[in-house]
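K.L.:
no sequence for this one, just the structure:
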Ligand SMILES: Nc1ncnc2c1ncn2[C@@H]1O[C@H](COP(=O)(O)OP(=O)(O)OP(=O)(O)O)[C@@H](O)[C@H]1O
Ligand SMILES: [Mg+2]
């Protein structure tokens, strides 16, 4: 779990939109509606939320969900401090009190007791019962719940229950078009657009193998890593192996196949 606070007036992180997702986010925010972002790893979901939070001038609390995350990790707990027990708000409670944006990353990983906590917050009641302190908090204006998950690799048992997912507006994310991805990767890595465009072309070919040899296509994140290594002087083939091949597979045959694609694109 990590709470990360985006201060008012802080610089707005770079985000290149794909369509009208910024408008949908802003409309959800304005109406106090929760939002679910679906999409593959490394396609820009977290960056989008950071960008929108800064744009809207709201603090942002991010929680990476995992199967050990308990409701108390979100809500808070009594802690011993200098011989006294004091109540310490968790990130969700803080966001509810302050009217901040709370971002639950990989929400399907969360345990059932966590999703249950979200229910009264994500319908028109907008309340958070804090059983341990006996409080029932009404979400402050500006509070917004955003969650994300990757529908691709989650197993059947780990999909969201309809009663949970039907509480959220949803936006689907995918990898950007080649033109957009070239702009994103060039901006992030400061590699020149020509060499960046070649990497993006390679990524397109690698993504076409998803489902056959590869579980997931190469992410925009890995492309940024690769371009960054090249800009700093690493030979192209070495950077591609480290950033675009090895992270995708452990299978030697598949690796060889991927390297053939590299040769096809880079000659
Ligand atoms: N539209 C975009 N605008 C700007 N940067 C982007 C965009 N899409 C992807 N990126 C770049 O890709 C990187 C990875 O994106 P991000 O961390 O937001 O992915 P994610 O969808 O949250 O992945 P995960 O599901 O693994 O958490 C960002 O750090 C950023 O460099
Ligand atoms: Mg993320």
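P.N.:
Now that the structure is in, tell me what you want to look at. What you see is a predicted model; the values in this text were computed from it and never measured. Ligands and ions are numbered 1, 2, ... in the order given.

K.L.:
surely residue 243 meets residue 220?
P.N.:
No - assessed by Cβ atoms under 8 Å, residue 243 is found out of contact with residue 220, at 11.7 Å. The way it works is simple: take the backbone N, C-alpha and C, and place the C-beta from them, glycine included.

K.L.:
so residue 22 makes contact with residue 52?
P.N.:
Yes - applying Cβ under 8 Å, one finds residue 22 in contact with residue 52, separated by 6.6 Å.

K.L.:
any residues in contact with both of those two?
P.N.:
Common neighbours of residue 22 and residue 52, counting by Cβ atoms under 8 Å, 6 or more residues apart in numbering, are residue 15.

K.L.:
who has more neighbours, the two?
P.N.:
The neighbour count for residue 22 versus residue 52, taken as other Cβ atoms under 10 Å, is higher for residue 52 (25 against 15).

K.L.:
next, give phi and psi for the more buried one.
P.N.:
Backbone torsions for residue 52, taken as degrees, to the nearest 10, come to phi -70, psi -40.

K.L.:
my guess is it contacts residue 26, does it?
P.N.:
Yes - with contact defined as Cβ under 8 Å, residue 52 reaches residue 26; the gap is 7.3 Å.

K.L.:
ranges for the strands of the stretch 51-200 of the chain?
P.N.:
Per DSSP state E, counting those that start in this stretch, the stretch 51-200 of the chain carries strands over the ranges 60-64, 76-81, 84-89, 101-105, 127-130, 135-138, 144-149, 169-172.

K.L.:
pLDDT below threshold where in the stretch 1-150 of the chain?
P.N.:
For the stretch 1-150 of the chain, applying pLDDT under 70 flags the ranges 1-10.

K.L.:
report the contact partners of whatever residue of it ends up closest to ligand 1.
P.N.:
Evaluated by Cβ to the nearest ligand atom, the stretch 1-150 of the chain has residue 44 as its residue closest to ligand 1, separated by 2.6 Å. Counting by Cβ under 8 Å, 6+ apart, residue 44 touches 15, 173, 176, 184, 220.

K.L.:
surely the fourth one meets residue 177?
P.N.:
No - here residue 184 does not reach residue 177: they are 10.3 Å apart, not a contact under Cβ under 8 Å.

K.L.:
looking at the two, which is more packed in?
P.N.:
Shown here are residue 184 and residue 177; by other Cβ under 10 Å, residue 184 has more neighbours (22 against 12).

K.L.:
do you know how far the more buried one is from ligand 1?
P.N.:
Separation of residue 184 from ligand 1 (Cβ to the nearest ligand atom, to the nearest Å): 5 Å.

K.L.:
again, but for residue 210
P.N.:
Here residue 210 is placed at a distance of 15 Å from ligand 1 (Cβ to the nearest ligand atom).

K.L.:
how about the contacts made by that residue?
P.N.:
For residue 210, the contact set (Cβ under 8 Å, 6+ apart) comprises 216, 217.

K.L.:
tell me what it is bridged to.
P.N.:
Bridge pairing for residue 210 (DSSP bridges) gives the partners residue 214.

K.L.:
circling back: now the strands of the stretch 51-200 of the chain as JSON lines including distance to ligand 1?
P.N.:
Output for these, formatted as JSON lines (distance: least, Cβ to the nearest ligand atom, whole Å):
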{"stretch": "strand 60-64", "distance to ligand 1": "8"}
{"stretch": "strand 76-81", "distance to ligand 1": "25"}
{"stretch": "strand 84-89", "distance to ligand 1": "25"}
{"stretch": "strand 101-105", "distance to ligand 1": "6"}
{"stretch": "strand 127-130", "distance to ligand 1": "25"}
{"stretch": "strand 135-138", "distance to ligand 1": "28"}
{"stretch": "strand 144-149", "distance to ligand 1": "6"}
{"stretch": "strand 169-172", "distance to ligand 1": "12"}
